[in-house]
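*Asks:* Provide a 3D model corresponding to the input given below.
(one chain, ligands or ions: 1)
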Amino acid sequence: MTVNGEFNHDMRRVPTGEFMTPSRKTNGVGVQAEDTKICVVMVGLPARGKSLIAQKVVRYLHWLSIKAKTFNVGQYRRTNTPNPSADFFDTSNSEGERLRRAAAEAAVNDMCKWFAEGQGLIAILDATNSTKKRRRWIQERCDAEGIETLFVESKCDDEDIIMSNILEVKTTSPDYVGQDPESAAQDFRNRIRNYERVYQTIDEDEFDLTYVKLIDVGKHVIINQIQDYLQSRVVYYLMNLHIRPRSIWLSRHGESQYNLNGKIGGDAELSERGEMYARALPGLVKQSVGDSRKLTVWTSTLRRTIATARFLEFEKLEWKALDELDSGVCDGLTYAEIEERYPDDFKQRDEDKYNYRYLGGESYRDVVIRLEPIIMELERSENILIVTHQAILRCIYAYFMNVPQERSPWMEVPLHTLIKLTPKAYSTQEERLKADIPAVSTFREKGSSAKHQEAA
Ligand SMILES: O=P(O)(O)OC[C@H]1O[C@@](CO)(OP(=O)(O)O)[C@@H](O)[C@@H]1O
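*Replies:* Take a look at the predicted model:
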């Protein structure tokens, strides 16, 4: 499959189904051919959000269990030139040119080694890669190693975006440690000027390259020669990114009758205290939002989340994909009953909770797959409040906070607590607001016997 096309801001809603072409072999995530190796080559002037995009792509791929790694040429360059002045980036400075080229070669060599050792499927080569000559060299080198290339150019002329990038990111860069932020920003602007002199945007001359051009972070997208499913998956993700400031709020439903009785799954009503939480939620949200922003509320299709959200005066959307992890034959049982009736399963789930699939039900890994469209939609959207379930919230939280799979199913997510996540350039900020309404704990620690827990 080859895809070419041009999208503007309003045309970005591409149906997910279009990208569901079956791959040759899948790893259980239903995503990729095992022999595919892709080098995502970032292209763009400094302060165009390349590192931010690279870091988001890697986080998304890890969440989907696709092994990926960023090779940042700047880090290699810092081993030979830790604190360069802007002149170092002047192309008439031959020593600077030589050292920069050496850093790029070292990064590409390490990347090829990483692929050859079978350590991953997608590498991100994070550098400016700002000339046609440099890009051709990378493509030829990758071709020779059987690695596909996907060039991702971030082109941005919006002064506000560039300035905030310069200030927020670059003044905290290791190149400027201990320097006065003002002179660091000035030096960085000079460095950009040196790059601008030689910068060549990807154009028709490079028609044979596989590329995506992101103009003003998602306002306009041009794609060329997309070759296969995994590439199109990355491109689709990139098409959905935006950097407008926003927050995402997460809450579990109020305490349910099942929670009170220690039963899992089901479609129970709220308990009395759960009902109190539903009534308190609009105030809690107001306090956390702090201004008159309009949110959109997403719930699952189960009664306990819909009831919890019903007093919120915002537009609401119910998603089947947000329903709780399906516990199959264990639905409606307590953990103690599961341990009694299915002791082997109980043990297996403890040993590998992420991959354990309930008989006739789901695993956390399955949940992540069905949540992928939710993540895409979240990336596209602005201020969203999600009222959902313990397992679902863990998976969404893991995506934003980069929590590894061994840990995410064991995270404690208390009832009657509102979590606010605010994506920033290099991390996600978190705030928690607890309602003063008691609730049972539905958390069971790894390795603890449920029978014992209940007896206690
Ligand atoms: O994966 P574990 O830790 O069992 O948690 C998921 C469980 O959380 C529960 C509560 O114990 O979800 P919910 O928030 O919908 O009430 C169960 O229904 C569900 O099976």
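
*Asks:* V41: which element?
*Replies:* strand 38-43 (DSSP states H and E).

*Asks:* same thing with I223?
*Replies:* strand 220-226.

*Asks:* swap in L150?
*Replies:* strand 148-155.

*Asks:* Parallel or antiparallel, list what pairs with that strand.
*Replies:* Strand 148-155 sits in its sheet next to strand 38-43 (parallel), strand 211-215 (parallel), going by DSSP bridges.

*Asks:* sorry, back to before: what's the spacing between the strand holding V41 and its chain's center?
*Replies:* Distance of strand 38-43 from the chain centroid (CA atoms, centre = their mean, to the nearest Å) equals 17 Å.

*Asks:* Also stretch 239-249?
*Replies:* On CA atoms, centre = their mean, the centre of stretch 239-249 falls 11 Å from the chain's centre.

*Asks:* Ok, stretch 253-265 next?
*Replies:* On CA atoms, centre = their mean, the centre of stretch 253-265 falls 30 Å from the chain's centre.

*Asks:* swap in stretch 401-416?
*Replies:* With CA atoms, centre = their mean, you get 15 Å for stretch 401-416.

*Asks:* could I have stretch 428-448 exported to CSV, CA atoms only?
*Replies:* Extracted in CSV, the C-alpha atoms of stretch 428-448 (Å, rounded to 0.1, in the frame of the first residue of the first chain):
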residue,chain,number,x,y,z
THR,A,428,3.0,15.3,32.0
GLN,A,429,2.1,17.3,35.1
GLU,A,430,-0.2,15.6,37.6
GLU,A,431,-2.5,16.9,40.4
ARG,A,432,-4.9,14.9,42.5
LEU,A,433,-8.0,16.2,44.3
LYS,A,434,-9.6,14.0,46.8
ALA,A,435,-13.3,14.3,47.7
ASP,A,436,-14.0,14.1,51.4
ILE,A,437,-16.2,11.1,50.9
PRO,A,438,-15.0,7.7,52.2
ALA,A,439,-15.0,4.7,50.0
VAL,A,440,-13.8,1.1,50.1
SER,A,441,-10.4,0.3,48.7
THR,A,442,-10.6,-2.1,45.7
PHE,A,443,-6.8,-2.4,45.6
ARG,A,444,-5.3,-5.9,46.0
GLU,A,445,-1.5,-6.0,46.4
LYS,A,446,0.5,-8.4,44.3
GLY,A,447,1.0,-11.8,46.0
SER,A,448,-1.5,-11.2,48.8
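
*Asks:* what's the average pLDDT for that stretch?
*Replies:* Stretch 428-448 comes out with an average pLDDT of 94.

*Asks:* residues in contact with it?
*Replies:* Contact with stretch 428-448 is made by 254-255, 259-260, 262, 273-274, 276-277, 280-281, 284, 287-288, 335, 350, 353, 390, 400-401, 410, 412-423, 450, 453, as judged by CB atoms under 8 Å, 6 or more residues apart in numbering. In this view, the C-beta of every residue, glycine as well, is placed from N, C-alpha and C.

*Asks:* does any bit of it sit next to the ligand?
*Replies:* Yes: using CB under 6 Å from any ligand atom, stretch 428-448 reaches the ligand at T442.
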